[in-house]
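A.B. asks: Here you go, sequence then predicted model.
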Amino acid sequence: MTKINDLEKILADSQKSIEKMEQEANNLSQEYENYASKAQEELGKQIFEKYVGKNENLEKLEELESKITARSEEVVKDGYYVKGVPEKRRALRSAVQEDIFKKVAKATDEEKMAIGTYMAHKNLISTCNGFGYYKNPTSCGGCQSGERLLDGLNLKKYAKFEGDRVYKIPKEVKEEAINALMEKTNIMKDAKKDAKEKQVQSKEIMKTVESEKKKCEEIAKKLQVYGVFSKSDVKDEDIETIEEKMPSFIKAMKKKNVTFATADLKNNVGVMLIDESHYYGSGGCEYGVTVKVMRDGDSEQEYFKWRDAYSSGNDNKSLYFNKAKIVKITDKSVTLELKSNTSSKTETFELAKSKSKNLTGILNEHEQEKWQTEYDQTKKNLLKQHYMSNATQADYIGTNYLTHGVPTTGKQVPYDQSQIVDEQVDSEKGLAAIVIKSQIDAAADSGKQYAWTGYLIDKNGKARQVYSDNASQMDLKDGKRIEVKASDLLKEKKK
């Protein structure tokens, strides 16, 4: 197909151009990073010397570290430390650290951040994954040392829990402190000016890259549309007419995992097949096909499950439809012949022809954007509402399944974050349905307890609860099924 070939060439050329621009931007950015790294080291050195200065133990440690870095045979032979070197290193580090912690007590937190970064960089203290990171509890010497460093500098208050026993000072917190100090100094003044100019150039190039990527995304979506239509009897020259006369249909095709589409331009009817998968937390994945019919901006759909999540005995591959043919259109309905690899089925969708465009209930582009903003905020609010942020449970070793007999770390960890596990959106009409899974309890005999809550979101972005069920890990293991689908909730709303 000529149109597809043309689009593929445009896409390939654009992607090559983007790669070149990204490489140029990365090179400029790297030059800034090189400056920042050197300047940060120089800053840390100046502040370190301001508060700590020099002493005999520090000089001995620095000399030892330089020999280790150079792999001098005095300290490292055949890849192994010479006997007594690790012990000497630990003793020197311990003595140096105690001295440093006393001397920097009056330094600001920003200065302590620079000092800690410098100490980790110069190996004046052992760390795991750099300054500001540690696990607790742990047998890792680097993590234990890293935690002592934060204690000694009184910076532990900035470390945030990140899950799985990990605590870390956020990167942006460290950068903000270092940058604030950098602005107050004239370190590498000429290099600083040159590096900032290159950083600006890099950002400008990346703006162009992002713009070009969006164009590529649109071309890719158009290619997807042409590719899907190529499986039907729709002619290549008719696709642009469909794009013009049935924009809602084309927009829906670009959003979904559409495997087949066909259309009747005369009657403004479009049909698409959408591959679906649903994971319910145990057993496996359910697979199905959603048949969606659109007419004058309105739509109806039907879901056909062909693979069961729990038992292959419930599978029915004759419902794995991969083609559809419009066989009859009346003022009130559309009849399709649905085909799989093994059989066919006739299905009628009650979808009346609109007498007036004003009756379709379609939001204009500005209204859709406003609704999308309100909908996104509503989702955030619901996720926050369902997350029990103050609740904790025992941290079991080696498993996320709570059970008697499994040892714990002795610590309490937060509940699982709430998440949207299914979502169905009709932005043209300002309607959506979501299903939220959230942890609501935990017990050693039944595991974590989860709730599944379904909401409908209206044109004003307001949510209304329409479904609720719950199950524990033990319930799910014993065969309880939670099979609510957002598409079913939205379908009920439209009835």
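C.D. replies: Okay, I see it. Bear in mind that the values here come from a model prediction, so they are computed numbers and not experimental data.

A.B. asks: Quick check: which ranges of the stretch 51-200 of the chain have low pLDDT?
C.D. replies: Residue ranges of the stretch 51-200 of the chain with pLDDT under 70: none are present.

A.B. asks: Helices along that one, start to end?
C.D. replies: 56-69, 85-103, 109-121, 141-153, 171-183, 189-229 (DSSP state H, counting those that start in this stretch).

A.B. asks: now for the third one, which elements pack on it?
C.D. replies: Meaning helix 109-121. helix 2-51, helix 141-153, helix 171-183 (3 or more Cβ pairs under 8 Å, 6 or more residues apart in numbering; DSSP states H and E). C-betas here are computed from N, CA, C, even on glycine.

A.B. asks: try the fourth one
C.D. replies: Using 3+ Cβ pairs under 8 Å, 6+ apart as the contact criterion, the neighbours of helix 141-153 among helices and strands are helix 85-103, helix 109-121, strand 133-135.

A.B. asks: Identify, out of the helices of the stretch 51-200 of the chain, the most deeply packed stretch.
C.D. replies: Of all the helices of the stretch 51-200 of the chain, helix 109-121 has the most neighbours on average by mean count of other Cβ atoms under 10 Å, namely a mean of 22.

A.B. asks: That one to helix 85-103, inter-axis angle?
C.D. replies: 170 degrees (axes from the mean of the first three to the mean of the last three Cα atoms, to 10 degrees).

A.B. asks: Kindly list the longest strand within the chain.
C.D. replies: strand 431-443 (DSSP state E).

A.B. asks: So Ala220 is in contact with Leu11, correct?
C.D. replies: Yes: the criterion here is Cβ atoms under 8 Å, and Ala220 meets it with Leu11 at 6.4 Å.

A.B. asks: of the helices of the stretch 51-200 of the chain, which approaches Glu22 most closely?
C.D. replies: helix 189-229 (5.8 Å; Cβ to Cβ).

A.B. asks: The closest one - contacts with which helices or strands?
C.D. replies: When contacts are defined as 3+ Cβ pairs under 8 Å, 6+ apart, helix 189-229 packs onto helix 2-51, helix 236-245, helix 247-255, strand 258-264.

A.B. asks: The ones you listed into CSV, with extra columns for distance to Phe321 and mean neighbour count?
C.D. replies: Below are those laid out as CSV (distance: least, Cβ to Cβ, whole Å; neighbours: other Cβ atoms under 10 Å):
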stretch, distance to Phe321, mean neighbour count
helix 2-51, 24, 15
helix 236-245, 21, 14
helix 247-255, 16, 18
strand 258-264, 8, 21
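
A.B. asks: Let's have the ones you listed in CSV, adding distance to Ser487.
C.D. replies: Shown next, in CSV, are those (distance: least, Cβ to Cβ, whole Å):
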stretch, distance to Ser487
helix 2-51, 31
helix 236-245, 24
helix 247-255, 13
strand 258-264, 15
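
A.B. asks: Tell me which of these sits nearest to Gly454.
C.D. replies: So among these, helix 247-255 is nearest, using Cβ to Cβ, at 20.8 Å.

A.B. asks: Next, the angle from that closest one to helix 236-245.
C.D. replies: Using the same axes, to 10 degrees: helix 247-255 against helix 236-245 is 110 degrees.

A.B. asks: does Val166 really touch Gly132, like I thought?
C.D. replies: No: if you go by Cβ under 8 Å, Val166 and Gly132 don't touch, sitting 11.2 Å apart.

A.B. asks: Show me which of those two is the more surrounded one.
C.D. replies: Gly132 (25 against 16; other Cβ atoms under 10 Å).

A.B. asks: Which pLDDT value belongs to the residue nearest to Asp233 when sequence neighbours are not counted?
C.D. replies: Closest residue to Asp233 apart from its sequence neighbours, by Cβ to Cβ, 6 or more residues apart in numbering: Thr262 at 6.7 Å. pLDDT, Thr262: 95.

A.B. asks: Tell me which residues touch Thr262, please.
C.D. replies: Phe229, Ser232, Asp233, Val234, Gly270, Val271, Ala324, Lys325, Ile326 (Cβ atoms under 8 Å, 6 or more residues apart in numbering).
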